Structures are given as C-alpha cells and as structure tokens.
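S.K.: Give me a model of this one.
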Amino acid sequence: VQTSVPQNEAELQLYRVMQRASLLGYYDTLLEM
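M.R.: The predicted structure follows:
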C-alpha cells in the first residue's frame, strides 16, 4: 500500500526538503508576477 506519508526518517527529511523547495518556487513565481 502506497501512502503519501513518510514511513522513515530518510523519507521524512526528503519530504520536508521537497515541500520547502516547492514552497520557495511558488513564492518565486509570485514575486516574478
């Protein structure tokens, strides 16, 4: 069963990094407008 919730510490770290990166990209596009 595949879930979107990280199961271990490594996945949790990667999940947070990806989340932060996507948020920064989102804000960058907002500032560009």
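
S.K.: Distance of Leu24 relative to Gln7?
M.R.: As defined by Cβ to Cβ, to the nearest Å, Leu24 lies at a distance of 25 Å from Gln7. All C-beta atoms are positioned from the backbone trio N, CA, C, and that covers glycine.

S.K.: again, but for Gly25
M.R.: From Gly25 over to Gln7 the distance is 26 Å, taken as Cβ to Cβ.

S.K.: which residues sit in contact with Gly25?
M.R.: With contacts taken as Cβ atoms under 8 Å, 6 or more residues apart in numbering, Gly25 has no neighbouring residues.

S.K.: Where does it sit: helix, strand or coil?
M.R.: Assigned state for Gly25: helix (three-state reduction, DSSP: H, G, I helix; E, B strand; the rest coil).

S.K.: Next one, pLDDT for it please.
M.R.: Reading off the confidence values, Gly25 has pLDDT 87.

S.K.: any idea how far Arg16 is from it?
M.R.: Gly25 sits 15 Å away from Arg16, going by Cβ to Cβ.

S.K.: Look up how far Asp28 lies from Gln13.
M.R.: 23 Å.

S.K.: Oops, could you answer that again for Arg20 instead?
M.R.: When distances are taken as Cβ to Cβ, Arg20 and Asp28 turn out to be 12 Å apart.

S.K.: tell me how far the helix or strand where Ser22 lies is from the chain's mean position?
M.R.: If you go by DSSP states H and E, Ser22 is part of helix 9-32. Between the centre of helix 9-32 and the centre of its chain there are 4 Å (Cα atoms, centre = their mean, to the nearest Å).
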